[in-house]
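# Only the shape, not the letters, is given here:
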């Protein structure tokens, strides 16, 4: 699975969260980091979109939407001919949103300061995905990045890596599978930490086996109850 | 009441509906028609906003949102200091949206082609109004302008004029009041059609009197029922 990250930040050099994200995917060769500038070649952008499977719009929330930079790119690159013309060039691909905001998560609720949820505010992108026949992924929202503890940052990094590179990041068993794959890669490339990582890998596998056993037992119990 | 129409159309010269709207308000001195270009002076724009009571964002729907032109203007002009700083410079003003689309009205429903209503898609502007402490007006949406009959165009023109210049365009009695005012203005400025217009004015006034009578009778009947 190849992933394209469309980064729309008008002052990337002043961003705290974007360098963090960029570093998080430095070791993933199938992820292309693509920061937008005000000038771009429409055909090149369309080619880039076509050659990827998962497209991510990544931006800070400016007035409940992406910065104008992304809208200009959308208005120009997503021509009707390209998006819905005979070919539906993006059909079957996935569209994900990574949005960061300095506001609190709890503010995005009816009755609270921002009144609407992030899911509601992102409707235009969801509608775009529908029109282009893409699969719309649940939004990854980052609230108040600067206030995250090192532990929370670490968890965000993993969530972000999975959002970009795990074909089925929503399911627990696929998340565990993804972790095991990452560990195997690191064991192969790094001899000094390999023994330690193998221990962790074994632990995760044991846990997964135990979980599978538990789930099997649970389903047997349900069968008995039902009969 | 002074009204500012922020027109965001990247190819105004190719628009059919915008010249129609512009002509519709040619005789209204309290309406300022303000087409955006990519360069503007932030302080001048802020002054213009402050000197008006009703602000209208007027644009064609591009990918379920305004063209990038409006977003750039919003990102630059609606600074936090100006919008929510100590002064809340726009508090108490009104924000209206006039949006045109080539798609059918019925498409903007769950289960139909566009999946979401125009009200849902405009949430970011509604959230902006809330944040700026402005009153958000119901959206005026224009569907498939080119397919409108002359009669439908005429009705749209009146709706548009009221949306921009009638302080309470949602209420029937205020709409009738607004009509009478427009007629009185025309009677004063145009001698040849004055007798004809006076007849129409009398008719509307008679209708309004009759309506008032009916409503009084209705309220009396309700009182009797309640007692």
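Now that the structure is in, tell me what you want to look at. Only a predicted model underlies this, so the values are computations on that prediction, with no experimental measurement involved. Numbers count the residues shown, from 1 in each chain, chains lettered A, B, ... in the order given.

# need the residues of chain A near chain B, please.
Taking CB under 8 Å from any CB of the partner chain as the contact definition, chain A meets chain B at A:10, A:62-68, A:71-72, A:74-75, A:78, A:113-116, A:120-121, A:123-128, A:130-131. Yep, even glycine has a C-beta here, placed from its N, CA and C like the rest.

# Chain B versus the most centrally placed residue in chain A, what's the distance?
A centroid search over chain A (CA atoms, centre = their mean) returns residue A:163, at 2.9 Å, as the residue closest to the centre. Remark: distance between residue A:163 and chain B (CB to the nearest CB, to the nearest Å) = 23 Å.

# go on, residue A:18?
For residue A:18, the distance to chain B - CB to the nearest CB - is 17 Å.

# rewinding a little: mind checking which of the residues of chain A next to chain B are in helices?
The helices, defined by DSSP state H, take in A:68, A:71-72, A:74-75, A:120-121, A:123-128, A:130-131 from the residues of chain A next to chain B.

# quick one on the thing from earlier: only the buried subset of the residues of chain A next to chain B, as a ChimeraX command please.
Per 16 or more other CB atoms under 10 Å in any protein chain shown, the buried members of those correspond to this ChimeraX selection:
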select /A:10,62,63,64,65,66,67,68,71,72,74,75,78,114,115,116,120,121,123,124,125,126,127,128,130,131
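
# can you map out the strands along chain A?
Taking DSSP state E to define them, one finds strands in chain A at A:3-7, A:31-35, A:54-60, A:94-101, A:135-136, A:140-143.

# Format those as CSV; extra columns: mean neighbour count.
Output for the strands of chain A, formatted as CSV (neighbours: other CB atoms under 10 Å in any protein chain shown):
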stretch, mean neighbour count
strand A:3-7, 22
strand A:31-35, 18
strand A:54-60, 23
strand A:94-101, 21
strand A:135-136, 15
strand A:140-143, 19
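
# I'd like those strands laid out as CSV, including mean pLDDT.
Below are the strands of chain A laid out as CSV (pLDDT from 0 to 100):
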stretch, mean pLDDT
strand A:3-7, 98
strand A:31-35, 98
strand A:54-60, 98
strand A:94-101, 98
strand A:135-136, 97
strand A:140-143, 98
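
# Verify the stated contact: the residue nearest to the centre of chain A with residue A:97.
No. With contact defined as CB atoms under 8 Å, residue A:163 does not count as touching residue A:97 (9.7 Å).

# what is in contact with those two at once?
A:56, A:137, A:140 (CB atoms under 8 Å, 6 or more residues apart in numbering or on different chains).

# Relative to residue A:172, how far out is residue A:222?
Taking CB to CB, to the nearest Å as the measure, residue A:222 falls 19 Å from residue A:172.

# Kindly apply the preceding question to residue A:91 instead.
29 Å.

# quick one, which of those two is more surrounded?
More neighbours surround residue A:91 than the other of residue A:91 and residue A:172, with 12 against 9 (other CB atoms under 10 Å in any protein chain shown).

# ok, now which ones touch the nearest residue to that one once chain neighbours are set aside?
Leaving aside its sequence neighbours, residue A:91 sits nearest to residue A:133 (CB to CB, 6 or more residues apart in numbering or on different chains; 3.9 Å). Residue A:133 sits next to A:88, A:90, A:91, A:92 when contact means CB under 8 Å, 6+ apart.

# List buried residues within those residues.
Here, 16+ other CB under 10 Å leaves residue A:90 buried among the contacts of residue A:133.

# In JSON lines: the contacts of residue A:133, plus pLDDT.
Shown next, in JSON lines, are the contacts of residue A:133 (pLDDT from 0 to 100):
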{"residue": "A:88", "pLDDT": "93"}
{"residue": "A:90", "pLDDT": "97"}
{"residue": "A:91", "pLDDT": "96"}
{"residue": "A:92", "pLDDT": "96"}
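
# quick one: which of the contacts of residue A:133 is nearest chain B?
Taking CB to the nearest CB as the measure, residue A:90 is the one of these closest to chain B, at 12.9 Å.

# and the longest helix seen in chain A, which residues are buried?
In chain A, with assignment by DSSP H, the single longest helix is helix A:194-226. Across helix A:194-226, burial judged by 16+ other CB under 10 Å covers A:197, A:201, A:208.

# low-confidence ranges in chain A?
Applying pLDDT under 70 to chain A flags no residue at all.

# domains for it, by residue range?
A:3-169, A:171-227 (automatic domain parsing).

# Out of those domains, flag the one nearest residue B:156.
Nearest to residue B:156 among the domains of chain A is domain A:3-169 (24.6 Å), distances taken as CB to CB.

# End to end on that closest one, go ahead and measure it.
14 Å (CA to CA, to the nearest Å).

# what's the nearest residue to residue A:96 once chain neighbours are set aside in contact with, if anything?
Distance criterion CB to CB, 6+ apart; nearest residue to residue A:96, sequence neighbours excluded, is residue A:137 at 4.0 Å. Taking CB under 8 Å, 6+ apart, we find residue A:137 in contact with A:54, A:94, A:95, A:96, A:97, A:163.

# Quickly note the distance from residue A:137 to residue A:166.
From residue A:137 over to residue A:166 (counting by CB to CB), the distance is 11 Å.

# ok, now residue A:80?
32 Å.

# hang on, isn't residue A:118 packed against residue A:98?
No. Applying CB under 8 Å, one finds residue A:118 not in contact with residue A:98, separated by 11.1 Å.

# returning to what we had before: phi first, then psi, for the residue nearest to residue A:96.
phi -90, psi 150 (degrees, to the nearest 10).

# Ok, residue A:148 next?
phi -70, psi 140.

# ok, now which ones touch the residue nearest to it when sequence neighbours are not counted?
With CB to CB, 6+ apart as the measure, residue A:156 is the residue that lies nearest to residue A:148, at 6.5 Å, once sequence neighbours are left out. By CB under 8 Å, 6+ apart, the contact set of residue A:156 is A:142, A:145, A:148.

# From the residues you listed, pick the one nearest residue B:182.
residue A:142 (52.0 Å).

# If we ignore the residues flanking it in sequence, what's nearest the closest one?
Residue A:142 sits nearest to residue A:100 (CB to CB, 6+ apart), 4.2 Å away.

# if I pick that neighbour, what's in contact with it?
Counted by CB under 8 Å, 6+ apart, residue A:100 has contacts A:17, A:59, A:60, A:61, A:141, A:142, A:143, A:145.
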